[in-house]
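>>> sequence unknown, structure follows:
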């Protein structure tokens, strides 16, 4: 009986077996990591869309800026015919988000600059604007494209081409807009102040930030706004505003005083913008594209290619979003009303959490 019992007892793993098991686990982890990385890389890849056939809209105008037949994407950048590039600028203008990617946009403009088959560019803009730095970087890249290629750049405004979106449109030789477009919003946001010192005092909350430099903690929630703080950020806003209005004056061939009269931060309808000289024409996307093609003597030989950033979501994106949501719920549950109040204040400010400041940005009411 004892002999049987001894035979049934499993012997502990030897050193070689343990080492083999460890190597197997490491291999599996590396494989999973590589898989997630590959998914992420593919998701962020530069996605090109081949030329699409346009569907006609009834009448001269359409409420939708354009309708396109569905086409499969491809990654080849080889072009056999001369073509007009339709470059989409959509979403908040910042380093990267689900619909916009600064690096992709700059790389695409650079590629079009070097492509001898490219004969011109039509910008399709649907953006509330974004960072001053990013907006100006794209504007300068488009100006460089025009200088090096001597190709025309036209712009078509979708539902919204405001603030930084309009700033980029100023690089175009001709600006069209849909009749339902909102544009303008020529102005700057340099900072937002949320002072919670009184709320903290009421609830017995003490928050201390250790700094060197008397203005290092300005615009923190535990620091009241002073006139010096306001003056510092106002100077930044004024400088960016001067740059914006000068760009508009040069692009639209207007006197700077006339631009400043219009540039009080308000938005304009397409017809108001046309009347004030901020755009050239109100028309459909199809007519705009046809007009651009007709401006070339060899229009029949020109094709149209569309360049649009598409970030495909992967497993990591969904897991990250779920973890963020769970984190907010737990934080709100533990911190109570104060956490909810702070989140509400951030939402009411109307400025996206990750948007770079100063910003040429329009927040819809």
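Perfect, thanks for sending it. Since this is a predicted model, take the numbers as computed values, not measurements.

>>> ok so residue 154 is a strand residue?
Yes: when classified by DSSP: H, G, I helix; E, B strand; the rest coil, residue 154 is found to be part of a strand.

>>> doesn't residue 124 make contact with it?
No: Residue 154 sits out of contact with residue 124 when judged by C-beta atoms under 8 Å, with a separation of 10.0 Å. To be clear about C-beta, it is placed using only N, CA and C from the backbone, and glycine gets the same treatment.

>>> Report the separation between residue 115 and residue 84.
For residue 115, the distance to residue 84 under the criterion C-beta to C-beta, to the nearest Å works out to 12 Å.

>>> swap in residue 247?
Separation of residue 247 from residue 84 (C-beta to C-beta): 25 Å.

>>> Which parts of the helix or strand hosting residue 259 count as buried, going by neighbours?
Of the helices and strands defined by DSSP states H and E, residue 259 is found in helix 256-262. With burial defined by 16 or more other C-beta atoms under 10 Å, the residues of helix 256-262 counted as buried are 259-260, 262.

>>> repeat for stretch 160-178
160-172, 174-178.

>>> Would you mind listing the residues in contact with residue 128?
92, 160, 162-165, 185, 361-364 (C-beta atoms under 8 Å, 6 or more residues apart in numbering).

>>> Show me the two of the residues you listed that sit farthest apart.
Taking C-beta to C-beta as the measure, these span a maximum distance of 14.4 Å, between 164 and 364.

>>> sorry, back to before: after the helix holding residue 259, which helix or strand is next?
Beyond helix 256-262 toward the C-terminal end (DSSP H and E), the next one is strand 267-269.

>>> And that following strand, what does it pack against?
strand 182-184 (3 or more C-beta pairs under 8 Å, 6 or more residues apart in numbering; DSSP states H and E).

>>> now for the strand it packs on, which elements pack on it?
strand 153-162, helix 164-169, strand 267-269, helix 270-275.

>>> contacting residues around that strand?
Taking C-beta under 8 Å, 6+ apart as the criterion, the residues outside strand 182-184 that touch it are 157, 159-162, 165-166, 169, 177, 262, 266-270, 272-273, 278-279.

>>> Just give me the neighbour total for residue 225.
By other C-beta atoms under 10 Å, the residues close to residue 225 number 14.

>>> Look up phi and psi at it.
phi -80, psi 130 (degrees, to the nearest 10).

>>> Could you do residue 119 as well?
Backbone dihedrals for residue 119, given as degrees, to the nearest 10, come out at phi -110, psi -10.

>>> Quick check: which ranges of the stretch 51-200 of the chain have low pLDDT?
Across the stretch 51-200 of the chain, the stretches falling below the confidence threshold (pLDDT under 70) are 51-79.

>>> Quick one: the strands in it, in order.
If you assign secondary structure with DSSP state E, counting those that start in this stretch, the strands in the stretch 51-200 of the chain sit at 73-74, 83-90, 118-127, 129-131, 153-162, 174-177, 182-184.

>>> Quick one: those strands as TSV, columns for distance to residue 103 too.
Written out in TSV, the entries for these read as follows (distance: least, C-beta to C-beta, whole Å):
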stretch	distance to residue 103
strand 73-74	19
strand 83-90	14
strand 118-127	17
strand 129-131	14
strand 153-162	20
strand 174-177	26
strand 182-184	26
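
>>> Turn the helices and strands packed on strand 182-184 into JSON lines, including distance to residue 296.
Written out in JSON lines, the entries for those read as follows (distance: least, C-beta to C-beta, whole Å):
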{"stretch": "strand 153-162", "distance to residue 296": "12"}
{"stretch": "helix 164-169", "distance to residue 296": "21"}
{"stretch": "strand 267-269", "distance to residue 296": "31"}
{"stretch": "helix 270-275", "distance to residue 296": "25"}
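
>>> Out of these, flag the one nearest residue 101.
Comparing the helices and strands packed on strand 182-184 by their distance to residue 101 (C-beta to C-beta), the top pick is helix 164-169, with 14.6 Å.

>>> List the contacts of that closest one.
Residues from elsewhere that reach helix 164-169, judged by C-beta under 8 Å, 6+ apart: 89, 93, 123, 125-132, 134-136, 138-139, 142, 155, 157, 161, 175, 183-186, 244, 247-248, 278-279, 359-361.

>>> My read is that residue 220 contacts residue 209, right?
Yes: with contact defined as C-beta under 8 Å, residue 220 reaches residue 209; the gap is 5.9 Å.

>>> quick revisit: with neighbour numbers in mind, choose between residue 247 and residue 84.
residue 84 (24 against 21).

>>> any idea how far that one is from residue 207?
Separation of residue 84 from residue 207 (C-beta to C-beta) stands at 56 Å.

>>> Kindly report the same for residue 268.
Taken as C-beta to C-beta, the span from residue 268 to residue 207 is 43 Å.
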